[in-house]
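Novice: 3D model of this:
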Amino acid sequence: MAKVTGPLMSMSATGTVGKAITFGAWKGIEYVREWFRPSNPNTALQIVVRARMSAAVAAYKVEDQPTKDFWNLKAVGQALSGSNLYTRAYIAFMKANAEAEPTVTDTDPMTAA
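Specialist: Alright, predicted model coming up:
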């Protein structure tokens, strides 16, 4: 994926041009890539993966600020945000514990409920 400066003679560009190329930004880095039609598999495994992701994101949204601060501090120096790290740990816990959802606090990140 190429990094670009001033795409399309502008300061930034997002979106797709003629189903040929897609412009976007990720963490402040502008990029251009070939357009592709996204697939949408509705396999049993994909349904489970989506359910895990939904549960993790919903859980993070209702966390208290000290817990979010804990994960943000844990993410310092990494290419992930605190919410990304939280989501990754939450999903890993679910996979390892028969889809059980963990309890999460600012001092004990992922434990059985």
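Novice: which residue would you name as the spatial centre of this structure?
Specialist: Residue closest to the average C-alpha location in the chain (CA atoms, centre = their mean): residue 84, at 5.3 Å.
Novice: buried ones in the longest helix along the chain?
Specialist: As assigned by DSSP state H, the longest helix anywhere in the chain is helix 44-61. Buried residues in helix 44-61, counted by 16 or more other CB atoms under 10 Å: 52, 55, 56, 59, 60. The way it works is simple: take the backbone N, C-alpha and C, and place the C-beta from them, glycine included.
Novice: and what of stretch 57-77?
Specialist: Neighbour-count burial for stretch 57-77 [16+ other CB under 10 Å]: 59, 60, 63, 67, 68, 70, 71, 75.
Novice: how much space between the first one and residue 68?
Specialist: With distances taken as CB to CB, to the nearest Å, residue 59 is found 11 Å from residue 68.
Novice: now swap in the second one and tell me
Specialist: Counting by CB to CB, the separation of residue 60 from residue 68 is 8 Å.
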